[in-house]
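Asker: what follows is a predicted structure for the sequence shown.
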Amino acid sequence: MSSLADMRSKLNKRKVEQQKKKAQYIRPTRMQAGKNRIRLLPSWQLGADGKPDVSGDFYQDFGMHFVKDKESKLAAVYICTERTYDRECPVCEAIREGIGKAKQSGNVGMEKLLGQARAGHRVLVNALLRDGETPNQPVILELPASVFDTMVEQIGAFLDDDLNMLDPATGQDFIVNKTGTGLDTEYSVSVAPKATAVTYDQSAVTDLRAYVDQESEQGLLKATGAVTAVTGLAAPASVARIASSAGAATGTTGSAVGSAGLVTPPAAAAAATAAAATASGASLLSSASEVADEAEAELDALDGELVDDDAPFETDAEVEAETPAPTTANPAAAEEIDLASEIEGDADDLDDILNDLDDL
């Protein structure tokens, strides 16, 4: 039986790895212009009774860098660890250094291009879009931080009266009105006056912590390499160390990589010694980042989709909140909603294998 357990462990590991790889190119749902009726779902974590854990997490902070090249073509997409995990982000560091250089030299074009690569603060939740075509299908909804903060305030106000807005049987919907586009986007948030019951497939609710677990050395090197290609500066020290390790692991030396004709950042040419050191680090960075080129097709698919309304760097607009007094509702009179008969998505062959292992 131990051999079967080992096989299950390996298959589960493979499944998680594949899910993480695919997640990087799955874009969350965003609110449409106009009225959005949204039901936030409780935690993806389950309690001992098999139901959502009331005290479990139901949201995840998030941020993504969309880095473009000098021709404004999307060159790299990578998670922002500062926005997502509240810790140092090498991509942010490279962008800040580049913006500082652009301001000093008066390069407005570079400053704007790098500004667009900054990651906006977003919050991911599992939700039902009640006015959508599939009102019972859970989706990963991306919310501006200001909108989510307003929702949290109202959820807290209801909890003060022992009412849980996230309860599928007795909870309430949020009504969010979205107007304007880009930097002129404005939101107003209110709570639906009546409690309504909703039904949905719990297995379709996404583990948001696993969803944002998209860090990789390859992706980091590609993103920082795309930034330094625009700025002409050396990569941050933390990234240079990763690049050096990658070069050592593949038996690549700085001089060998340099002989391939890779470009040394011009800002490092002021002194001969500094130039040699920077060329070595930049060359290793470029060499290691080539491993991530298999993602080019996905980047090409994303390129051109970032219109003003979807710009990841848009600032959060002020949110108008309308908080009605918490009211109870008769569960028997709550709106009845049928569970969607089919959940979209391709079946994973690994699930069938794992189920067969359970039978054994």
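Answerer: Now that the structure is in, tell me what you want to look at.

Asker: with only the CA atoms kept, save the helix or strand hosting residue 60 in PDB.
Answerer: Here residue 60, judged by DSSP states H and E, is contained in strand 59-62. What follows is strand 59-62, C-alpha atoms only, in PDB (Å, rounded to 0.1, in the frame of the first residue of the first chain):
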ATOM      1  CA  TYR A  59     -10.300  36.800   0.200                       C
ATOM      2  CA  GLN A  60      -6.700  37.200  -1.000                       C
ATOM      3  CA  ASP A  61      -4.700  40.400  -1.700                       C
ATOM      4  CA  PHE A  62      -3.200  40.300  -5.100                       C
END
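
Asker: ok, residues contacting it?
Answerer: Strand 59-62 is contacted from outside by 79, 83-86, 121-125, 142, 145, 148, 208-209, 211-212, using Cβ atoms under 8 Å, 6 or more residues apart in numbering. The C-beta positions use only the backbone N, C-alpha and C, and glycine is treated the same way.

Asker: now that we have those, which of them are buried?
Answerer: Under a neighbour-count criterion of 16 or more other Cβ atoms under 10 Å, the subset of the contacts of strand 59-62 counted as buried comprises 79, 83-85, 121-125, 142, 145, 148, 208, 211-212.

Asker: so which two of those are the farthest from each other?
Answerer: In terms of Cβ to Cβ, these reach their longest pairwise distance at 79 and 148, which sit 18.4 Å apart.

Asker: tell me what residue 178 is bridged to.
Answerer: Per DSSP bridges, residues listed as beta-bridge partners of residue 178: residue 34, residue 187.

Asker: mind listing what it touches?
Answerer: Under the contact definition (Cβ under 8 Å, 6+ apart), the residues listed for residue 178 are 31, 32, 33, 34, 36, 185, 186, 187.

Asker: just to revisit the earlier point, just the contacts of strand 59-62: which are in helices?
Answerer: The members of the contacts of strand 59-62 that map onto helices under DSSP state H are 83, 84, 85, 145, 148, 208, 209, 211.

Asker: of these, just say which sits nearest to residue 69.
Answerer: residue 83 (22.6 Å).

Asker: which residues sit in contact with the closest one?
Answerer: Remark: with contacts taken as Cβ under 8 Å, 6+ apart, residue 83 is in contact with 61, 62, 63, 89, 119, 120, 121, 122.

Asker: kindly recompute the last result at 7 Å.
Answerer: Shown here is residue 83, whose contacts under the criterion Cβ atoms under 7 Å, 6 or more residues apart in numbering are 61, 62, 63, 119, 121.

Asker: neighbour-wise, which of those residues leads?
Answerer: Using other Cβ atoms under 10 Å as the neighbour definition, the contacts of residue 83 reach their maximum at residue 62, which records 25 neighbours.

Asker: show the pLDDT at that residue.
Answerer: Per-residue confidence for residue 62 comes out at a pLDDT of 95.

Asker: quickly list what it is bridged to.
Answerer: Applying DSSP bridges to residue 62 yields these beta-bridge partners: residue 122.

Asker: so where's the protein shaky on pLDDT?
Answerer: Filtered on pLDDT under 70, the chain yields the residue ranges 1-2, 16, 19-26, 243-360.

Asker: mind listing the helices for it?
Answerer: Counting by DSSP H, the helices of the chain are 2-23, 81-85, 90-105, 108-115, 145-159, 208-211, 217-231, 237-249, 254-258, 272-289, 296-302, 349-359.

Asker: now do the fifth one: which elements does it pack against?
Answerer: The contact analysis (3 or more Cβ pairs under 7 Å, 6 or more residues apart in numbering; DSSP states H and E) places helix 145-159 against strand 122-129, strand 186-191, strand 319-322.

Asker: right, so those strands: which one is the most enclosed?
Answerer: Neighbour counts (mean count of other Cβ atoms under 10 Å) averaged over each of the helices and strands packed on helix 145-159 peak at strand 122-129, with a mean of 23.

Asker: what's it in contact with?
Answerer: Residues outside strand 122-129 that contact it (Cβ under 7 Å, 6+ apart) are 28, 38-41, 44, 58-63, 135-136, 138-145, 148, 198, 200, 205-206, 208.
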